[in-house]
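In: Give me a model of this one.
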Amino acid sequence: MTMGALGVVYGDIGTSPLYALKEAAKAAAHGGTLSPEAVLGVASLILWALLLIISLKYALLILRADNRGEGGIVALLALLHTRNAQPGTWRAHLLIVGLVGAALLYGDGAITPAISVLSAIEGLKVDAPSLAPVVVPVTIVILVGLFMMQKQGAGFIGRIFGPVMLAWFFVLAALGIHGIVKAPAVLAALSPLYAFDFLIHQDFHVSFAILGAAFLAVTGGEAMYADMGHFGRLPIRLAWFAICLPALVLNYFGQAALLITDPTMIENPFFQLCPDALHYPLVAFSAVATVIASQAIISGVFSLTQQSIQLGFLPRMQIRHTTSDAIGQIYVPLVNWLLAAATLGAVLSFGTSEALAGAYGIAVSLLMAITTLLAALVAIQWGYSPWLVVAVNGFFFVIDVIFFSANSIKLFEGGWFPLLLAAFVAFLMLTWRSGVKLVEAARGKLRQPEEDLIETAVNKCSARLPGTAVFLASAPRGVPLALTQFVKHNHVLHERIVLVTVLIEELPHIADEDRTEVIEIIPGITRVILHYGFMQNPTIYDGLTLACRHGKLPGIDLSDITYYVGRETIIPREDVPGMWVWRETLFAFLQRNAERSAAFFGVPTKQVVEFGTELEI
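Out: Numbers count the residues shown, from 1 in each chain. Next up is the predicted model:
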């Protein structure tokens with residue numbers, strides 16, 4: 001598990017040495033000559049950022065805020081029970097903040113592959129400046145291949161992710177030691193006084209620029225929390241403290257030692273650490289490592305999308321499970337190609353890792369601040385002393401805000417790009433969630449009570465059709481609109497009626513023994529409620545199979561039943577209270593193009609009959 005965590009969790013932060021110290025050193029030089037004091041200050045700042053933000057905050061504290069073993073911002077929202085919060089309450093406002101945080105990961109997902117791969121390929125320019133024109137085309141080819149590969153699943157590459165990244169961290173450490181030996185004086189930067197003294201003696205805008213660049217060294221730390229459910233708390237901590245942290249510190253100090261001895265190496269100190277004979281192999285190895293880092297963030301975006309769909313924050317999309325023996329190995333085609341477009345657009349627009357550094361960091365620093373805030377509320381909810389929580393999380397929140405403020409000065413240098421993507425995704429999430437509530441309210445006005453169904457079945461049906469009919473119901477009470485339409489047009493019922501509702505709980509996983517809830521309304525009419533966690537695939541056929549196996553639905557042949565599903569057409573109306581009409585029109589477009597209910601819930605295609613209904617919102 002520790003080896004797997006190396007490949008998936010630490011790919012992003014593990015490739016930060018390609019660009020982080022370089023950008024911080026350039027900010028410290030601010031156009032002039034880089035002094036040894038500035039190099040020591042930058043190295044000290046990066047070291048203590050890694051210790052405070054990644055080691056102390058994430059590895060030791062944030063990883064404790066898990067939802068039955070699952071982490072990530074969506075898991076935090078589930079723990080705080082914000083999904084069904086009433087409008088105007090503090091939980092409703094908290095949900096908006098959380099959804100903005102989730103949306104920020106999409107902005108990060110577009111920038112990470114771009115800056116990582118681009119910074120690796122730029123290593124070609126160190127020995128051969130004439131190759132500069134091929135950097136962007138080669139980067140584009142690698143990224144296109146990466147996104148095309150997603151439909152095959154990451155499973156076949158996943159087995160080598162860990163060993164490759166282990167070798168990568170050993171290379172980082174070896175390069176760092178090679179540099180430190182030439183200038184051991186760099187070890188003085190272990191003291192935090194160098195970072196503090198250096199920052200306070202700079203102009204305000206220079207200090208902020210240095211902080212913003214140094215923050216690049218900790219981007220990727222959020223993956224420790226988001227991927228906790230895949231690997232567990234202990235393997236993630238072990239991989240960080242035993243391998244990643246020592247290798248990263250050695251490499252950053254090695255680069256700093258190189259700049260102390262030769263400040264002219266500032267254009268690319270990472271590759272200059274390498275002996276000339278090994279330069280091109282290191283470029284190739286860096287490209288492989290950055291592809292792994294990119295794969296990790298792409299998989300994380302897929303996982304976040306799945307969780308958001310399950311909890312009702314995004315419309316249903318086609319989700320393909322690329323392997324049957326690994327949790328989280330999924331492929332979301334629409335998200336993959338939208339992310340590809342954003343990433344390729346970033347490469348073509350910005351052109352260099354230096355320019356992309358301006359776009360990188362602002363979204364991640366805001367996401368980290370939101371995570372700190374939500375984790376504090378979870379800790380208070382769990383009974384920890386509010387004073388202790390405010391003191392500890394407040395300390396880290398101040399650090400997060402300082403880094404966000406430092407990154408915000410890069411807003412017009414490219415920081416607007418991930419924020420624009422995040423704002424767009426957050427707006428879609430809020431629009432979808434509000435629209436779903438309006439649709440459910442419209443359904444509620446049309447939905448018959450169960451008493452009407454009983455009366456129809458007992459007294460008003462002229463005939464009963466042989467066989468079993470399953471009607472999908474959006475709510476665990478009342479009569480599904482599809483069944484109302486069926487009776488209205490046919491004046492008959494089947495001998496056996498099963499009303500099926502899928503409920504996604506605010507827990508990551510629901511055990512099989514708790515999956516099915518069967519309620520007999522009257523003989524011949526049964527309600528089945530299937531409970532799934534937000535990390536599970538909600539398949540109706542599998543749920544009914546489980547109920548039959550446990551003897552809760554005797555006498556039903558699942559291969560010989562008909563599923564009736566309602567398909568709704570949304571009609572935006574100005575005279576019906578709700579959202580602005582243009583937002584309702586957007587919601588109607590999303591709903592019309594969402595994955596069909598039958599396909600999303602795994603209903604056998606050849607057994608489905610759809611009934612159309614118009615709903616005004």
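In: going forward, measure contacts between C-alpha atoms and count neighbours the same way
Out: Noted.
In: Please compute how far the helix or strand bottoming out on mean pLDDT in the chain lies from its chain's middle.
Out: Every helix and strand of the chain was ranked by mean pLDDT, DSSP states H and E. The lowest is helix 228-231, at a mean of 76. The offset between the C-alpha centroid of helix 228-231 and the centroid of the whole chain comes to 13 Å, using CA atoms, centre = their mean, to the nearest Å.
In: And the contacts of that helix?
Out: With contact meaning CA atoms under 8 Å, 6 or more residues apart in numbering, helix 228-231 is reached by 1-2, 4-5, 63, 69-72, 236, 327-328.
In: how does it look with 6 Å?
Out: Residues outside helix 228-231 that contact it (CA atoms under 6 Å, 6 or more residues apart in numbering) are 1, 69-71.
In: Strands of the stretch 151-300 of the chain, start to end?
Out: Taking DSSP state E, counting those that start in this stretch, the stretch 151-300 of the chain contains no strands at all.
In: What ranges does it have for its helices?
Out: For the stretch 151-300 of the chain, the helices defined by DSSP state H, counting those that start in this stretch occupy 155-182, 192-200, 204-214, 222-226, 228-231, 233-239, 245-261, 269-272, 279-310.
In: Which among those helices is found nearest to R91?
Out: helix 279-310 (17.3 Å; CA to CA).
In: packing partners for that closest one?
Out: helix 90-121 (3 or more CA pairs under 6 Å, 6 or more residues apart in numbering; DSSP states H and E).
In: What helices and strands are in contact with the helix it packs on?
Out: By 3+ CA pairs under 6 Å, 6+ apart, helix 90-121 packs against helix 279-310, helix 333-350, helix 353-357, helix 416-446.
In: With V171 as the reference, name the closest of those.
Out: Judging the helices and strands packed on helix 90-121 by CA to CA, what sits closest to V171 is helix 279-310, at 9.0 Å.
In: what comes into contact with the helix or strand following that closest one?
Out: Sequence order places strand 320-321 as the next helix or strand after helix 279-310, per DSSP states H and E. With contacts defined as CA under 6 Å, 6+ apart, strand 320-321 is touched by 330-331.
In: what's the spacing between strand 320-321 and its chain's center?
Out: Relative to the chain's own centre, strand 320-321 is displaced by 17 Å; criterion: CA atoms, centre = their mean.
In: Okay, now the sheet partners of it, with direction.
Out: If you go by DSSP bridges, strand 320-321 pairs up with strand 330-331 (antiparallel).
In: Just give me how far the partner strand sits from the chain centre.
Out: Averaged over its C-alpha atoms, strand 330-331 has a centre that lies 13 Å from its chain's centre (CA atoms, centre = their mean).
In: before we move on, what about stretch 595-606?
Out: That offset, for stretch 595-606, works out to 25 Å (CA atoms, centre = their mean).
In: Stretch 253-267 now?
Out: Centroid separation for stretch 253-267 versus its chain: 36 Å, with CA atoms, centre = their mean.
In: Low-confidence stretches in this protein?
Out: 31, 153-160, 322-329, 462 (pLDDT under 70).
In: With just CA atoms, put the longest strand anywhere in it into CSV.
Out: Ranked by residue count and defined by DSSP state E, the top strand of the chain is strand 492-504. Taking C-alpha atoms only, strand 492-504 is exported to CSV below (Å, rounded to 0.1, in the frame of the first residue of the first chain):
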residue,chain,number,x,y,z
VAL,A,492,-54.6,-2.0,-15.5
LEU,A,493,-51.9,-3.1,-13.1
HIS,A,494,-49.4,-6.0,-13.2
GLU,A,495,-50.0,-8.8,-10.7
ARG,A,496,-46.7,-7.9,-9.0
ILE,A,497,-45.6,-4.3,-8.6
VAL,A,498,-42.2,-3.4,-7.2
LEU,A,499,-41.4,0.3,-6.5
VAL,A,500,-37.6,0.8,-6.4
THR,A,501,-35.8,3.9,-5.0
VAL,A,502,-32.1,4.3,-4.9
LEU,A,503,-30.8,6.4,-1.9
ILE,A,504,-27.2,7.6,-1.8
